[in-house]
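Asks: Mind folding the following:
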Amino acid sequence: YNDSGIFIANNGNPKDGTSGTISFYERTRQQVVNDIFQKANDNKVLGSNVRQISVVEQQAYILVEDAEKIEIVQTSNFQSRGAVGGFERPQCFLALDNTKAYISQWGADGVNGSIKVLDLINKVVVKEIPTRSGPGQMVRKGNFVYLVNQGGFVMDSVISKIDISTDRIVKTIAVGAAPHSLQVDQNNHLWVLSRGVIDRANPANSRPAKLVRISGDAIRFSLDLEAGASDLVITRTKDQLYFLNDGWIYRLGI
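Replies: Residues are numbered from 1 along each chain as shown. As a prediction, the model looks like this:
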(Lines give C-alpha, C1' and ligand atoms only; values in the text may rest on other atoms or scores of the structure.)
Protein backbone atom coordinates (compact mmCIF):
# COMPACT_ATOMS: atom_id res chain seq x y z
CA TYR A 1 0.00 0.00 0.00
CA ASN A 2 1.54 3.24 -1.13
CA ASP A 3 0.98 6.98 -0.81
CA SER A 4 -1.32 7.07 -3.82
CA GLY A 5 -4.24 5.59 -1.90
CA ILE A 6 -6.58 6.15 1.00
CA PHE A 7 -7.21 3.86 3.98
CA ILE A 8 -10.90 3.66 4.89
CA ALA A 9 -12.20 2.57 8.31
CA ASN A 10 -15.49 0.65 8.08
CA ASN A 11 -17.34 0.79 11.39
CA GLY A 12 -18.95 -2.65 11.57
CA ASN A 13 -22.30 -3.23 13.30
CA PRO A 14 -22.17 -3.03 17.12
CA LYS A 15 -25.77 -4.30 17.41
CA ASP A 16 -24.99 -7.74 16.03
CA GLY A 17 -21.27 -7.79 16.78
CA THR A 18 -20.18 -7.61 13.13
CA SER A 19 -16.51 -6.70 13.05
CA GLY A 20 -15.28 -3.53 11.45
CA THR A 21 -12.87 -3.74 8.52
CA ILE A 22 -10.31 -1.66 6.63
CA SER A 23 -10.46 -0.90 2.91
CA PHE A 24 -7.87 0.68 0.63
CA TYR A 25 -8.82 2.96 -2.27
CA GLU A 26 -6.23 3.10 -5.07
CA ARG A 27 -6.44 6.55 -6.67
CA THR A 28 -4.61 5.71 -9.88
CA ARG A 29 -6.73 2.69 -10.82
CA GLN A 30 -9.81 3.97 -8.97
CA GLN A 31 -10.29 0.59 -7.32
CA VAL A 32 -11.18 -0.48 -3.78
CA VAL A 33 -9.57 -3.44 -2.02
CA ASN A 34 -11.66 -4.58 0.97
CA ASP A 35 -10.80 -6.49 4.17
CA ILE A 36 -7.09 -5.74 3.95
CA PHE A 37 -6.49 -6.28 7.69
CA GLN A 38 -8.12 -9.72 7.74
CA LYS A 39 -6.33 -10.80 4.56
CA ALA A 40 -2.92 -9.83 5.94
CA ASN A 41 -3.46 -11.35 9.38
CA ASP A 42 -5.01 -14.84 8.94
CA ASN A 43 -8.61 -13.54 9.16
CA LYS A 44 -8.04 -11.89 12.54
CA VAL A 45 -11.00 -9.63 13.42
CA LEU A 46 -10.69 -6.04 14.60
CA GLY A 47 -13.98 -5.73 16.53
CA SER A 48 -16.90 -3.41 15.91
CA ASN A 49 -16.94 0.38 16.09
CA VAL A 50 -13.71 0.98 14.18
CA ARG A 51 -13.50 4.71 14.80
CA GLN A 52 -10.37 5.90 13.04
CA ILE A 53 -7.16 4.96 11.26
CA SER A 54 -4.10 7.25 11.44
CA VAL A 55 -0.67 6.82 9.85
CA VAL A 56 2.55 7.80 11.65
CA GLU A 57 5.98 6.85 10.25
CA GLN A 58 4.80 3.96 8.06
CA GLN A 59 2.68 2.50 10.85
CA ALA A 60 -1.12 2.69 10.98
CA TYR A 61 -2.95 3.03 14.28
CA ILE A 62 -6.48 1.58 14.11
CA LEU A 63 -8.74 2.72 16.94
CA VAL A 64 -11.44 0.16 17.82
CA GLU A 65 -13.99 1.34 20.39
CA ASP A 66 -15.76 -1.91 21.32
CA ALA A 67 -12.50 -3.86 21.59
CA GLU A 68 -11.08 -0.95 23.62
CA LYS A 69 -7.75 -1.10 21.82
CA ILE A 70 -5.51 0.41 19.18
CA GLU A 71 -4.29 -2.14 16.64
CA ILE A 72 -0.93 -1.25 15.07
CA VAL A 73 -0.02 -2.42 11.55
CA GLN A 74 2.75 -1.83 9.03
CA THR A 75 1.35 0.25 6.17
CA SER A 76 3.40 -1.51 3.47
CA ASN A 77 1.75 -4.91 3.98
CA PHE A 78 -0.84 -4.24 6.74
CA GLN A 79 0.53 -6.98 8.96
CA SER A 80 -0.15 -6.51 12.67
CA ARG A 81 2.63 -5.25 14.91
CA GLY A 82 0.59 -5.75 18.08
CA ALA A 83 -2.04 -3.77 19.95
CA VAL A 84 -2.31 -1.38 22.87
CA GLY A 85 -5.27 -2.06 25.16
CA GLY A 86 -6.74 -0.67 28.35
CA PHE A 87 -8.88 2.08 26.80
CA GLU A 88 -12.48 2.87 27.76
CA ARG A 89 -14.72 3.81 24.81
CA PRO A 90 -11.86 5.38 22.78
CA GLN A 91 -13.00 7.91 20.17
CA CYS A 92 -10.20 9.77 18.37
CA PHE A 93 -6.43 9.59 17.85
CA LEU A 94 -4.12 12.57 17.28
CA ALA A 95 -0.36 12.22 16.77
CA LEU A 96 1.47 15.29 18.09
CA ASP A 97 4.75 14.18 16.50
CA ASN A 98 6.52 10.87 15.85
CA THR A 99 6.84 10.07 19.55
CA LYS A 100 3.58 11.08 21.24
CA ALA A 101 -0.16 10.84 20.61
CA TYR A 102 -3.40 11.76 22.37
CA ILE A 103 -6.37 9.36 22.44
CA SER A 104 -9.72 10.74 23.60
CA GLN A 105 -12.05 8.35 25.43
CA TRP A 106 -15.50 8.59 27.00
CA GLY A 107 -14.74 6.36 29.98
CA ALA A 108 -16.54 3.19 31.05
CA ASP A 109 -19.65 5.12 32.14
CA GLY A 110 -19.72 7.40 29.10
CA VAL A 111 -19.51 10.42 31.39
CA ASN A 112 -16.06 10.61 33.00
CA GLY A 113 -13.95 11.32 29.94
CA SER A 114 -10.20 11.62 29.58
CA ILE A 115 -7.28 11.68 27.18
CA LYS A 116 -4.66 8.96 27.32
CA VAL A 117 -1.13 9.91 26.30
CA LEU A 118 0.52 7.23 24.16
CA ASP A 119 4.29 6.82 23.80
CA LEU A 120 4.60 5.96 20.10
CA ILE A 121 8.14 4.65 20.47
CA ASN A 122 7.46 2.08 23.19
CA LYS A 123 3.73 1.69 22.41
CA VAL A 124 2.60 2.24 26.00
CA VAL A 125 0.20 4.65 27.70
CA VAL A 126 2.21 6.95 29.96
CA LYS A 127 -0.37 9.40 31.29
CA GLU A 128 -4.09 10.20 31.55
CA ILE A 129 -5.63 13.68 31.40
CA PRO A 130 -9.13 14.05 32.93
CA THR A 131 -11.50 16.02 30.70
CA ARG A 132 -15.13 17.10 30.49
CA SER A 133 -17.75 14.62 29.30
CA GLY A 134 -17.56 12.95 25.90
CA PRO A 135 -14.15 14.07 24.57
CA GLY A 136 -13.90 13.53 20.83
CA GLN A 137 -12.05 15.14 17.93
CA MET A 138 -8.85 17.12 18.50
CA VAL A 139 -6.73 19.52 16.47
CA ARG A 140 -3.27 20.93 17.12
CA LYS A 141 -2.70 24.68 16.97
CA GLY A 142 0.87 25.67 17.82
CA ASN A 143 1.83 24.33 21.22
CA PHE A 144 -1.76 23.55 22.15
CA VAL A 145 -4.38 20.95 21.33
CA TYR A 146 -8.06 21.90 21.20
CA LEU A 147 -10.55 19.17 22.11
CA VAL A 148 -14.33 19.00 21.66
CA ASN A 149 -16.38 17.71 24.61
CA GLN A 150 -19.48 16.23 23.00
CA GLY A 151 -21.04 15.18 26.30
CA GLY A 152 -20.89 11.40 25.97
CA PHE A 153 -24.03 10.01 27.63
CA VAL A 154 -24.89 13.46 29.02
CA MET A 155 -24.60 16.96 27.49
CA ASP A 156 -21.66 19.32 27.21
CA SER A 157 -20.99 22.47 25.23
CA VAL A 158 -17.32 23.41 25.59
CA ILE A 159 -13.97 22.80 23.98
CA SER A 160 -10.80 22.35 26.05
CA LYS A 161 -7.37 23.84 25.40
CA ILE A 162 -4.48 21.56 26.36
CA ASP A 163 -0.84 22.60 26.76
CA ILE A 164 1.07 19.77 25.11
CA SER A 165 4.28 20.56 27.01
CA THR A 166 2.60 19.85 30.37
CA ASP A 167 -0.36 17.70 29.24
CA ARG A 168 -2.72 19.93 31.21
CA ILE A 169 -5.99 21.66 30.34
CA VAL A 170 -5.41 25.40 30.63
CA LYS A 171 -8.76 26.77 29.38
CA THR A 172 -12.32 25.84 28.42
CA ILE A 173 -14.40 27.79 25.89
CA ALA A 174 -18.19 27.57 25.56
CA VAL A 175 -19.14 27.07 21.90
CA GLY A 176 -22.58 25.44 21.54
CA ALA A 177 -24.46 22.28 22.43
CA ALA A 178 -22.64 19.02 21.63
CA PRO A 179 -19.49 20.27 19.84
CA HIS A 180 -18.57 17.73 17.18
CA SER A 181 -15.61 18.71 15.00
CA LEU A 182 -13.04 21.48 14.55
CA GLN A 183 -10.47 22.80 12.07
CA VAL A 184 -7.72 25.45 11.83
CA ASP A 185 -7.76 27.76 8.80
CA GLN A 186 -4.97 29.52 6.87
CA ASN A 187 -5.22 32.54 9.20
CA ASN A 188 -4.65 30.30 12.23
CA HIS A 189 -8.25 30.78 13.35
CA LEU A 190 -10.05 27.87 14.99
CA TRP A 191 -13.46 26.81 13.66
CA VAL A 192 -15.79 24.63 15.77
CA LEU A 193 -19.03 22.97 14.66
CA SER A 194 -21.57 21.94 17.32
CA ARG A 195 -24.40 19.52 16.52
CA GLY A 196 -27.07 21.12 18.69
CA VAL A 197 -29.99 19.21 20.21
CA ILE A 198 -33.19 17.84 18.65
CA ASP A 199 -35.87 17.10 21.29
CA ARG A 200 -39.07 16.14 19.46
CA ALA A 201 -40.85 15.27 22.70
CA ASN A 202 -40.21 18.74 24.10
CA PRO A 203 -39.20 21.13 21.31
CA ALA A 204 -38.53 23.88 23.84
CA ASN A 205 -35.43 21.93 24.87
CA SER A 206 -34.05 21.81 21.30
CA ARG A 207 -30.97 23.89 20.56
CA PRO A 208 -29.56 24.87 17.16
CA ALA A 209 -26.32 23.64 15.70
CA LYS A 210 -23.65 26.31 15.71
CA LEU A 211 -20.51 27.13 13.72
CA VAL A 212 -18.09 29.51 15.44
CA ARG A 213 -14.72 31.03 14.63
CA ILE A 214 -12.32 31.49 17.53
CA SER A 215 -9.32 33.81 17.63
CA GLY A 216 -7.34 34.60 20.74
CA ASP A 217 -9.52 32.05 22.55
CA ALA A 218 -12.59 34.24 22.03
CA ILE A 219 -15.52 33.75 19.63
CA ARG A 220 -15.32 36.30 16.79
CA PHE A 221 -18.03 34.85 14.52
CA SER A 222 -21.08 32.67 15.16
CA LEU A 223 -23.62 31.12 12.79
CA ASP A 224 -26.74 29.21 13.90
CA LEU A 225 -27.69 26.15 11.81
CA GLU A 226 -30.28 23.39 11.76
CA ALA A 227 -29.64 20.94 14.59
CA GLY A 228 -27.73 17.83 13.56
CA ALA A 229 -24.80 19.44 11.70
CA SER A 230 -21.61 17.36 11.74
CA ASP A 231 -18.24 16.50 10.18
CA LEU A 232 -16.55 19.84 9.67
CA VAL A 233 -13.57 19.53 7.29
CA ILE A 234 -11.32 22.03 5.50
CA THR A 235 -9.59 22.06 2.11
CA ARG A 236 -5.83 21.63 1.77
CA THR A 237 -5.55 25.36 1.09
CA LYS A 238 -7.39 25.88 4.40
CA ASP A 239 -9.74 28.52 3.03
CA GLN A 240 -12.98 26.55 2.39
CA LEU A 241 -14.99 24.71 5.05
CA TYR A 242 -17.40 21.84 4.37
CA PHE A 243 -19.88 20.16 6.72
CA LEU A 244 -22.93 17.89 6.67
CA ASN A 245 -26.44 18.98 7.68
CA ASP A 246 -29.87 17.44 7.03
CA GLY A 247 -28.69 15.31 4.10
CA TRP A 248 -26.81 18.13 2.37
CA ILE A 249 -23.13 19.11 2.06
CA TYR A 250 -22.54 22.80 2.81
CA ARG A 251 -19.55 24.94 1.88
CA LEU A 252 -18.44 28.15 3.58
CA GLY A 253 -15.46 30.35 2.77
CA ILE A 254 -13.46 31.41 5.79
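Asks: shaky segments in the stretch 101-250 of the chain?
Replies: Using pLDDT under 70 as the threshold, the predicted model of the stretch 101-250 of the chain has no low-confidence range.
Asks: the strands in it, which residues?
Replies: Counting by DSSP state E, counting those that start in this stretch, the stretch 101-250 of the chain forms strands over residues 114-119, 124-130, 135-141, 144-149, 158-163, 168-174, 179-184, 190-194, 209-215, 218-225, 230-234, 240-245, 248-253, given from the N-terminal end onward.
Asks: Partner strands of the fourth one and their direction?
Replies: In its sheet, strand 144-149 lies beside strand 135-141 (antiparallel), strand 158-163 (antiparallel), with partners assigned from DSSP bridges.
Asks: Would you mind listing the buried residues in the first one?
Replies: The neighbour-count criterion (16 or more other CB atoms under 10 Å) identifies 135, 136, 137, 138, 139, 140 as the buried residues of strand 135-141. Where C-beta positions appear, they are placed from N, C-alpha and C, glycine not excepted.
Asks: which one of the residues you listed is nearest residue 169?
Replies: Ranking those by separation from residue 169, with CB to CB as the measure, puts residue 135 on top at 10.4 Å.
Asks: so can I have a markdown table of the strands paired with strand 144-149 showing distance to residue 189?
Replies: Written out in a markdown table, the entries for the strands paired with strand 144-149 read as follows (distance: least, CB to CB, whole Å):
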| stretch | distance to residue 189 |
| --- | --- |
| strand 135-141 | 9 |
| strand 158-163 | 14 |
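Asks: From the buried residues of strand 135-141, pick the one nearest residue 81.
Replies: Checking the buried residues of strand 135-141 against residue 81 with CB to CB, the nearest one is residue 138 at 23.8 Å.
Asks: quick one: the closest one from residue 251, how far?
Replies: Distance, residue 138 to residue 251, using CB to CB, to the nearest Å: 24 Å.
Asks: hang on, the earlier thing: just say which of the strands of the stretch 101-250 of the chain is most tucked in.
Replies: strand 190-194 (a mean of 26; mean count of other CB atoms under 10 Å).
Asks: isn't residue 48 right next to residue 17, touching?
Replies: Yes: under the criterion of CB atoms under 8 Å, residue 48 makes contact with residue 17 at 6.2 Å.
Asks: quick one, which of those two is more surrounded?
Replies: Higher neighbour count among residue 48 and residue 17: residue 48, with 19 against 11, using other CB atoms under 10 Å.
Asks: pLDDT score for the more buried one?
Replies: According to the predicted model, the pLDDT of residue 48 comes to 94.
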